[in-house]
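Participant: What follows is a predicted protein model with its sequence.
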Amino acid sequence: MAERPHSDARAWHKNRSRLIMRWATYFWLIFPIVTSFLYLAYSQFIYGSPRSWLHIRVDNMVTLNVHPIRWLILIGPTRPMSFMGIFFMFWPSRPLWLRNQPIKRSFTRLLICLVTKGDNVEIVKQSVRAAQGCYSSIDPRISFHVLTEDTKVSRFNNLPRSVKVHGTPTKFQPSRAKYKARSLEWFRINLEIKDDDWVLHIDEETAIDEYLVRTCVDFITRQGDKDVGTGVIHYNLPGYYNNALTGVGDMLRLQDDWFRVPGLANYRNYIALGVHGGFLLVRGIVENAVTWDTDSLTEDYWQRIRAIALVGFLPLLGRCRPSPLRILFANAGAGIQACHGWADFPGLWKLYRAPGTFLGHFSMHFNLISVFLNFSFIMTMGSILLDYADKTPRPMWFFYFLCLDAAVPQAIMSMTLLIQDIDAGLPLRGMVYTQLVSLILAPMSVLVSGWAAFWGLFWPDRDWYVIKKRPGNESKED
């Protein structure tokens, strides 16, 4: 089992965030090198060697046969969205561009709002401790707030005085909002959020550092086009890879954070895919225009879809505890809400209907095709079984294509996992362990998430689930 990172998040991550962001400027160069190495491995040893049990027979004289057609039907519809990300891998990222920009606008307040049901008190205390000293010295306009139910405010009486604890009154009942959305709507109204205020919304298990807060201030003051920010979330706090299956699931989600989202932000200046639900920096004018009064159980993702044209990439790292294994079995719909917010199909439909959002149309078409016709893992396994029964050799060009099709996602997964492992401070043996486990369990994680998407589409949840968390162990709130 991989070792856990140091318990003092502030000391452990003091300089690591800035270092990782500097490395990110070279991802466009590292990715083709890693991909080329894996391509050679697949073409020469894994698929190309007769001694390999995955050996693929090739016929130089064949141009087209059943194998490419079968691949196109069974697996092809799941690939456009994946291969679209390849383009952004080669596009130079600019994670440090904000710090060199002049001041373009000011702000009145920056409120860091941690929302909790009030049941996981120790987890909230750990997150608050990690944040202490990260914001007060940066700007006096920054404040930290804990938002819970009014009946549970007393549980947080021993928090530092600088932390303001708010309780949502039981009698407060907006027209549609429930659960977390209801509390956020009360917070917006009660604290009288003004247009030039900003709110950083975090979950109770999220740890922040000084670099994160400074980057939020830079995002607010040094660019004037975006009023909503989304960043990178690492799921590598205590409990990291204690549950390998959910660790792989969290890692697969992280791939969008590091590659597709920054690419869309830098190339299109428009993030239409891969946005988060939680970890949201939003300007007051957007909060007041959109509000939190929605009956959607993924209220934060719902709000971001409503303000999609205003979303920009935040070059910072937030850190969460990994998802507990029991989240997969509590309810499939709950799992999709907690780990795979992209499957908010009503939200995707709103994006699809928005004028001028070509990527929204592209996303909607292929997400629906993938869900209705092609669960990637099931279709891939079906294709492998058919290919195993059919000993007909493949065309040479198709063999090389299969090697590339295998190398690209493996390169993305390996790079993403390595970044998260380095950030967690794992030793070399821990990094080797996570790479091997991810290679084995990634197909199973894709299967679980695909089934959750199918289940959540046809049998959506009507209630909300709060996952119990243990301090210093795995945790994740849906």
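Facilitator: In hand now; what should we look at? What you see is a predicted model; the values in this text were computed from it and never measured. Numbering: from 1, shown residues only.
Participant: Would you map the helices across the stretch 1-150 of the chain?
Facilitator: 9-12, 16-24, 27-41, 66-74, 80-89, 121-131 (DSSP state H, counting those that start in this stretch).
Participant: Which of the ones you listed comes out lowest on mean pLDDT?
Facilitator: Mean pLDDT is lowest for helix 9-12 among the helices of the stretch 1-150 of the chain, at a mean of 50.
Participant: Touching, residue 21 and residue 98? I think so.
Facilitator: No. Judged on Cβ atoms under 8 Å, residue 21 makes no contact with residue 98 at a distance of 10.4 Å. Placement of C-beta: from N, CA and C, glycine included.
Participant: hey, what's in contact with both of these two?
Facilitator: residue 315 (Cβ atoms under 8 Å, 6 or more residues apart in numbering).
Participant: Next secondary structure element downstream of the one helix or strand residue 213 maps to?
Facilitator: Applying DSSP states H and E as the criterion places residue 213 in helix 210-222. Once the chain leaves helix 210-222, the next helix or strand it forms, by DSSP H and E, is strand 228-234.
Participant: following that following strand, which helix or strand shows up next?
Facilitator: Counting by DSSP H and E, what follows strand 228-234 is helix 244-255.
Participant: number of nearby residues for residue 163?
Facilitator: Using other Cβ atoms under 10 Å, residue 163 is surrounded by 18 other residues.
Participant: doesn't residue 146 make contact with it?
Facilitator: Yes. Using Cβ under 8 Å, residue 163 is in contact with residue 146, at 6.0 Å.
Participant: what sits in contact with each of those two?
Facilitator: 128, 156.
Participant: quick revisit: just list what the helix holding residue 213 packs against, helices and strands only.
Facilitator: helix 16-24, strand 110-115, strand 198-203, strand 228-234, strand 280-283, strand 311-320 (3 or more Cβ pairs under 8 Å, 6 or more residues apart in numbering; DSSP states H and E).
Participant: In terms of mean pLDDT, which of these ranks lowest?
Facilitator: Among these, strand 311-320 carries the lowest mean pLDDT (a mean of 74).
Participant: and that strand with helix 121-131, angle?
Facilitator: Relative orientation of strand 311-320 and helix 121-131, computed by axes from the mean of the first three to the mean of the last three Cα atoms, to 10 degrees: 120 degrees.
Participant: Which neighbouring elements make contact with strand 311-320?
Facilitator: helix 16-24, strand 206-207, helix 210-222, strand 228-234, helix 261-267.
Participant: Return the list of helices and strands in contact with the fourth one.
Facilitator: If I follow you right, that is strand 228-234. For strand 228-234, the packing partners by 3+ Cβ pairs under 8 Å, 6+ apart are helix 210-222, helix 244-255, strand 280-283, strand 311-320, helix 396-424.
Participant: what do you get if the cut-off is 7 Å, keeping everything else the same?
Facilitator: Secondary-structure packing of strand 228-234 (3 or more Cβ pairs under 7 Å, 6 or more residues apart in numbering; DSSP states H and E): strand 280-283, strand 311-320.
Participant: so which of those strands comes closest to residue 106?
Facilitator: For these, the distance to residue 106 is smallest for strand 280-283, at 12.0 Å, taking Cβ to Cβ.
Participant: Quick check: buried residues in the helix or strand just after the closest one?
Facilitator: Toward the C-terminus, strand 280-283 is succeeded by helix 284-290 as the next helix or strand (DSSP H and E). Using 16 or more other Cβ atoms under 10 Å as the test for burial, helix 284-290 gives 284, 285, 286, 287, 290.
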